[in-house]
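J.: give me the fold of what follows.
(one chain, ligands or ions: 1)
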Amino acid sequence: MTSQKTILRALARETLPTPPIWMMRQAGRYLPEYKATRAQAGDFLSLCYSPDLAAEVTLQPIRRYGFDAAILFADILLLPQALGADLWFVTGEGPRLSTITTADELAALKPAADVNDHLSPIYETIKILSKELPSETTLIGFAGSPWTVATYMIAGQGTPDQAPAHALKDENRAVFDGLIDVITEGTIVYLSTQIEAGAEVIKLFDSWAGSLHGDDFQRYSIEPMRKITAALKAAYPHVPIIAFPRGAGDKYTDLHAAIGADCIAFDDGVSADWVAKNVQTGGCVQGNLASSHMVTGGNALVAETRKIVDALSGGPHIFNLGHGITPDADPANVQLMIDTVRGG
Ligand code: 1CP
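T.: Model prediction:
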């Protein structure tokens, strides 16, 4: 039976007259209603772990804009916390974690099989959303990819070049590989349970894939995503997977097959024309308007949006930004992007 949900149709490789649309970080600080609910929760992690409030902020951009997909409100850093890392957010700066750089610290992590002890509120959020989302809206669950999650667990914070993770990889390969493995296994448990709770599509965020070069890209970006995808497909063959190796550049070619993913999401470092020729031949693609247009708006936003829609109109495409929307974005520009995609 063909689904009526446009996102699922595109993921099943259907070329649609109008691409379905959603937006990374669509629930976020550019929306006044998000800021109000976040204030009610007190802090970011309390928001993530309060199923009613997390469901509320997930629904806000759906109510305001009617996006074709909702993405679960959570964070890629909840899994490290479930593995036993300390996690906190410093206002105005970002996440901080206790670090894993030695064999003893790695051994002290909880077993991957036990992550659900900590993550049950996230599954509650998904169950609420499954009931409350409009029937045409697809619910996307997600996790960080092992490399990206490892960069935060090793450095204890976000880093511009992921230098601490590269250093551990070069200096203590056994600990680095062990960490990648435990994250991979924990992610399979986490995403399987998201699917059981009602997630209809899974997205893997490899936000820092762009700093992996040569054999490392294959070994630490592609291979863990392939393993996770294979495990999920074995148990849930009907659930489509979107992989986002951000910053992969010319390595975006042939990734549907290499990962086993239904869709490859791409950032604005590559052109939609190039993606049509080199990536969309393998299946559905998702992207890639530069998120700066959500700040600046105007004719440039309209022209660039049309260019992307036109370039990818010959195959399956889900319209999205190249990366998450930023807090300084103007909500009116989001509406202008949607009107341009849907109205031509
Ligand atoms: O103050 C706030 O309200 C916190 C801002 C914020 C938000 C809105 C953070 C902290 N996380 C989130 C939600 C979030 N994070 C979602 C929810 C769904 C949606 O998209 O609407 C998702 C999918 C993520 C994923 C995420 N978290 C990624 C991968 C995607 C990406 O942006 O590259 C990463 C790298 C993170 C880590 C993280 N969490 C938050 C911040 C500020 C960061 C980046 C930290 C850094 O590198 O310095």
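J.: contacts only, for the closest residue to the ligand within the stretch 201-344 of the chain.
T.: Nearest residue of the stretch 201-344 of the chain to the ligand: S207, at 3.2 Å (CB to the nearest ligand atom). C-beta coordinates here come from the backbone N, C-alpha and C atoms, glycine included. Contacts for S207 (CB atoms under 8 Å, 6 or more residues apart in numbering) come out as 76, 144, 148, 244, 246.
J.: how many other residues sit next to the residue in the stretch 151-300 of the chain positioned nearest to the ligand?
T.: Nearest to the ligand, among the residues of the stretch 151-300 of the chain, is G158, at 2.3 Å (CB to the nearest ligand atom). Neighbour count for G158, taken as other CB atoms under 10 Å: 15.
J.: quick check, pLDDT for it.
T.: Looking at G158, its pLDDT is 98.
J.: pretty sure it sits in a helix.
T.: No. The assignment for G158 (DSSP: H, G, I helix; E, B strand; the rest coil) gives coil, which keeps it out of a helix.
J.: ok, and the closest non-adjacent residue to it?
T.: Excluding the flanking residues, the one nearest G158 by CB to CB, 6 or more residues apart in numbering is G94, at 5.3 Å.
J.: isn't the one you found right up against T159?
T.: No. Counting by CB atoms under 8 Å, G94 sits too far from T159 to count as a contact (10.5 Å).
J.: looking at those two, which one has more neighbours?
T.: In terms of neighbours (other CB under 10 Å), T159 is the more surrounded of G94 and T159; the figures are 16 against 12.
J.: how about the secondary structure of the residue of the chain most remote from its centre?
T.: Farthest-out residue of the chain from its mean C-alpha position, per CA atoms, centre = their mean: D104, at 30.6 Å. Secondary structure assignment for D104 (three-state DSSP): helix.
J.: now it: how far from the ligand?
T.: Going from D104 to the ligand by CB to the nearest ligand atom, to the nearest Å gives 26 Å.
J.: all the strands of the stretch 101-250 of the chain, residue numbers only.
T.: Assigned by DSSP state E, counting those that start in this stretch, the stretch 101-250 of the chain shows strands spanning 138-144, 201-206, 241-245.
J.: just want the angle from the last one to strand 201-206.
T.: What it means is strand 241-245. 10 degrees (axes from the mean of the first three to the mean of the last three CA atoms, to 10 degrees).
J.: now the element after strand 241-245, going C-ward?
T.: As assigned by DSSP states H and E, the chain's next helix or strand after strand 241-245 is helix 255-259.
J.: for that next one, give me every contacting residue.
T.: 218, 222, 225-226, 229, 241, 243, 245, 248, 261-264, 279, 282-283.
J.: buried stuff in that helix?
T.: Buried positions in helix 255-259, judged by neighbour count with 16 or more other CB atoms under 10 Å: 255-256, 258-259.
J.: which residues does stretch 327-344 contact?
T.: 18-19, 21, 23, 28-32, 64-67, 289, 291, 293-297, 301-302, 305-306, 309, 319, 325.
J.: out of these, which touch the ligand?
T.: 28-29 (CB under 6 Å from any ligand atom).
J.: tell me how many other residues crowd the nearest residue to S192 once chain neighbours are set aside.
T.: Excluding its sequence neighbours, the residue lying closest to S192 (CB to CB, 6+ apart) is A235, at 6.2 Å. A235: 12 surrounding residues under other CB under 10 Å.
J.: could you pull out the helices for the stretch 201-344 of the chain?
T.: 215-216, 223-235, 255-259, 272-278, 293-296, 298-311, 331-343 (DSSP state H, counting those that start in this stretch).
J.: hey, what's the residue nearest to G158 bridged with?
T.: Here G94 sits in beta bridges with V90, as judged by DSSP bridges.
J.: so how far is D75 from it?
T.: As judged by CB to CB, to the nearest Å, G94 and D75 stand 11 Å apart.
J.: quick revisit: dump the helices of the stretch 201-344 of the chain to a markdown table, plus mean pLDDT and distance to Q60.
T.: Listed next are those as a markdown table, based on pLDDT from 0 to 100; distance: least, CB to CB, whole Å:
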| stretch | mean pLDDT | distance to Q60 |
| --- | --- | --- |
| helix 215-216 | 98 | 39 |
| helix 223-235 | 98 | 28 |
| helix 255-259 | 98 | 31 |
| helix 272-278 | 98 | 29 |
| helix 293-296 | 98 | 16 |
| helix 298-311 | 98 | 22 |
| helix 331-343 | 97 | 11 |
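J.: need the ones you listed in TSV (columns: distance to W88).
T.: As requested, these are exported to TSV (distance: least, CB to CB, whole Å):
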stretch	distance to W88
helix 215-216	30
helix 223-235	26
helix 255-259	32
helix 272-278	38
helix 293-296	28
helix 298-311	36
helix 331-343	29
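J.: out of the ones you listed, which gets nearest to T58?
T.: Comparison of those against T58 by CB to CB identifies helix 331-343 as nearest, at 15.9 Å.
J.: buried stuff in the closest one?
T.: 333-334, 336-338, 340-341.
J.: in TSV, list these along with distance to the ligand.
T.: Below are these laid out as TSV (distance: CB to the nearest ligand atom, whole Å):
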residue	distance to the ligand
N333	17
V334	12
L336	19
M337	16
I338	16
T340	21
V341	18
